[in-house]
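A.B. asks: Build the 3D model from these lines:
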Amino acid sequence: MNLKFHLLLRIVLIAVACLIATAAYVLYQADQQAIRDTQVTAESIDKQLELQLMRIDAGFGQPERFPDFNLWKETSPASGICISYLSADNSLRRNICHGAKITSRSWPMWFESFYQWAFHPGLEVVRPVEFKGRIHGSVIVAPSAEMEIANAWQNIRGLMGLSASSTLALCLLVYFALSRALHPAQMIVAGLEKMEKGELSLRLPVFELDEWQRTGKAINQLAASLEQLLSERKKLAIKLMNIQEEERRYLARELHDEFGQCLAAINAVAASISQTAENECPELVPEGKKISRIVHHMMESIRGLLLRLRPSDIDELGLTVSLKSLVAGWNASSGGKTHYNLAVHGDLDRLPEPIPVTIFRIVQECLTNVSKHSAANHAKVTLRTVSENSSITTIELIIEDDGKAKKLPFEDGPGIGLLGIRERVTALGGRLTLKTGNPSGLAVHVWLPVQPLSGTQI
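C.D. replies: As a prediction, the model looks like this:
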């Protein structure tokens, strides 16, 4: 969950809990205040009636006017209270109510039901009227339940309005404060995502808060270390590939110049022996021809080995011709079991080293895997330019087949061919992805960024 909304949710929950606790306290105090007001009213009326009895006993009052509630009605500030007087012998009963009745309900029914269940509003208070040790009657004070509920709802509604406005203001304040405080976090995440894609030269800015500043500084130092490490690794990998290609070139040259010349000489000697033996020793002719066949086989093997070590077409004729020769060779050697196809879009014969050799080696390794492991009927090699700007061109290479592969390699296979391809691509700052076909087959996608040579159009 988003941190801002998480904190806002916590604030709202705490505010609701505080509101519930405060509302319960306010309702409890309202109920207790109503009970105290009723008790005070009953006590006041009781004293007034005792005073009236005292005046009657002294001959200053009129017995027929007892009890007289006019004084209470004129001086009492309470509203919504009904008073009843009942004589001791039940011969006299007098009632009086003070305050207007509520004509319309402003509170909801659920609040009325809850308040009646929790506090029992309108609870009567009964006090005996006693004078000179004799009980003359009793006073019953009954507050209005509706008035009590109305007062309680008025108090709780004001509290809820104040709490809601306070909570809303607090949430807005926290939201904007957190948005400002967490803005560096969004910049850090965006920077890390770009660094994950390979933009290690990106650096985070200086932030205001010390915590974010230390975090950004640590990330910048890590990115600088990774950038330096990857740069050194790429240089080392490129250097190793160049050394490997130099070794292959050296071996190819030695095999061609020394071993190839020796085989050519042996073949010439065998031909001379066969020609001489036809006249002088015919039984040696088959042996001479056998030597010629063995030498021819060895020369064909060396020619294939030379092609794998260092195809001369790359240096002499370019990458496109080398790939066409490679694909044609696989079509010739497959015996019709697998048909290999090549599609080259654009002029890709003037790429800087070691890009051409790398592409050739990747295609060579992938086609070898297709031949050995895929049991495919068709295999296709596609090479094209997919995007370019003023300084960098991206080359896309796709090798796909319809073989038996149904899951990606690197899981349980002992081979290191695709691993070597990945290392070559990574060393040149490219990307490699593997996908399985539907229903089967394997597609190898390679993207290589290339900086063209000065004056070269790709």
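
A.B. asks: Okay, L255 and V357: tell me how far apart.
C.D. replies: Distance, L255 to V357, using C-beta to C-beta, to the nearest Å: 18 Å. In this view, the C-beta of every residue, glycine as well, is placed from N, C-alpha and C.

A.B. asks: next one: the helix or strand hosting R233 to chain centre, how far?
C.D. replies: According to DSSP states H and E, R233 maps onto helix 210-254. Averaged C-alpha coordinates place helix 210-254 at 30 Å from its chain's average position (C-alpha atoms, centre = their mean, to the nearest Å).

A.B. asks: That one: what's the following helix or strand?
C.D. replies: Using DSSP H and E, the first helix or strand after helix 210-254 is helix 260-280.

A.B. asks: helices or strands next to that next one in the packing?
C.D. replies: helix 285-309 (3 or more C-beta pairs under 8 Å, 6 or more residues apart in numbering; DSSP states H and E).

A.B. asks: Please list the outside residues in contact with the helix it packs on.
C.D. replies: 248-249, 251-252, 255-256, 259-260, 263-264, 266-267, 270-271, 273-274, 277-278, 312, 326, 329, 364 (C-beta atoms under 8 Å, 6 or more residues apart in numbering).

A.B. asks: Looking at L255 and V357 now, which is surrounded by more residues?
C.D. replies: V357 (23 against 17; other C-beta atoms under 10 Å).

A.B. asks: so what's the backbone phi/psi at the closest residue to D31 other than its chain neighbours?
C.D. replies: Leaving aside its sequence neighbours, D31 sits nearest to F119 (C-beta to C-beta, 6 or more residues apart in numbering; 4.1 Å). Backbone torsions of F119, given as degrees, to the nearest 10, read phi -130, psi -10.

A.B. asks: and N2, how many neighbours?
C.D. replies: 10.

A.B. asks: mind checking how far it is from L209?
C.D. replies: Noted for N2: a distance of 19 Å to L209, by C-beta to C-beta.

A.B. asks: cool, and E396?
C.D. replies: With C-beta to C-beta as the criterion, E396 and L209 are 44 Å apart.

A.B. asks: And those two? Which one has more around it.
C.D. replies: Remark: of E396 and L209, E396 carries more neighbours, 17 against 12, as counted by other C-beta under 10 Å.

A.B. asks: Report the contact partners of that one.
C.D. replies: Residues near E396 by C-beta under 8 Å, 6+ apart: 382-386, 445-447.

A.B. asks: In terms of helices and strands, where is it?
C.D. replies: Using DSSP H and E, E396 sits within strand 393-401.

A.B. asks: Show the subsequent helix or strand relative to that strand.
C.D. replies: Using DSSP H and E, the helix or strand that directly follows strand 393-401 along the chain is helix 417-427.

A.B. asks: Quick check: neighbours of the helix or strand immediately after that next one in the chain in the sheet, parallel or antiparallel?
C.D. replies: Later in the chain than helix 417-427, the nearest helix or strand by DSSP H and E is strand 431-436. Partners of strand 431-436 in the sheet, by DSSP bridges, are strand 442-450 (antiparallel).

A.B. asks: Buried subset of the contacts of helix 285-309 as a PyMOL selection?
C.D. replies: Those of the contacts of helix 285-309 that count as buried under 16 or more other C-beta atoms under 10 Å are selected in PyMOL with:
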select buried, resi 248+252+255+256+260+263+266+267+270+273+274+277+326+364
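
A.B. asks: what mean pLDDT does the strand or helix carrying A190 have?
C.D. replies: Assigned by DSSP H and E, A190 falls within helix 145-196. Helix 145-196 shows a mean pLDDT of 84.

A.B. asks: what does stretch 309-328 give?
C.D. replies: According to the model, stretch 309-328 has a mean pLDDT of 76.

A.B. asks: gap between the two ends of it?
C.D. replies: Stretch 309-328 has an end-to-end distance of 18 Å (criterion: C-alpha to C-alpha, to the nearest Å).

A.B. asks: now stretch 117-129
C.D. replies: Note: stretch 117-129 ends 32 Å apart using C-alpha to C-alpha.
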